[in-house]
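> coords please:
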Amino acid sequence: MRITNCSFKYRCDNKWEDLDKTDQPKIRYCRECDRGVHHCDNKTEYQEALKSKRCIALSSESKDETNYVLGVPRMPRMEIE
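Numbering: from 1, shown residues only. Purely as a prediction, here's the structure:
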């Protein structure tokens, strides 16, 4: 999934790898804000996270690694491809 023109109300400096694992592979726990962070990798998951005002993790892959952007998204003026 590729998301463009996405902005965040709050952008987190934590790293996905450093969050506590849960019994659900796409959800990690942030001790700092005491919330689950939901990894979104398709349009449906992303839209559900927006409606529920969840903290999310979006992945972006470079040549050698996967990086994650964490935070609470702002309701979009975005395009999903």
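> Isn't residue 53 up against residue 74?
No - using C-beta atoms under 8 Å, residue 53 is not in contact with residue 74; the gap is 10.5 Å. (Each C-beta comes from the backbone N, C-alpha and C, glycine too.)
> Compute the number of surrounding residues for residue 20.
10 (other C-beta atoms under 10 Å).
> check which helix or strand covers the nearest residue to it once chain neighbours are set aside.
Once flanking residues are discounted, residue 20 sits nearest to residue 29: 4.2 Å by C-beta to C-beta, 6 or more residues apart in numbering. Residue 29 is part of strand 27-30, with elements assigned from DSSP states H and E.
> contact partners of the helix or strand following that strand?
Scanning forward in sequence from strand 27-30 by DSSP H and E, the next helix or strand is strand 35-39. Residues from elsewhere that reach strand 35-39 (C-beta atoms under 8 Å, 6 or more residues apart in numbering): 12, 16, 19, 22, 26-30, 45, 49, 54-59, 68, 70.
> Pull out the buried members of the residues you listed.
Among those, those scoring as buried are 12, 16, 19, 27-28, 30, 45, 49, 54-58, 68, 70 (criterion: 16 or more other C-beta atoms under 10 Å).
> Lowest-confidence one in the residues you listed?
pLDDT across these is at its lowest for residue 68, which sits at 83.
> Sheet partners, orientation included, of the one helix or strand residue 56 maps to?
For residue 56, the host element (DSSP H and E) is strand 55-61. With DSSP bridges as the test, strand 55-61 is paired with strand 35-39 (parallel), strand 66-73 (antiparallel).
> Look up how far residue 43 lies from residue 30.
24 Å (C-beta to C-beta, to the nearest Å).
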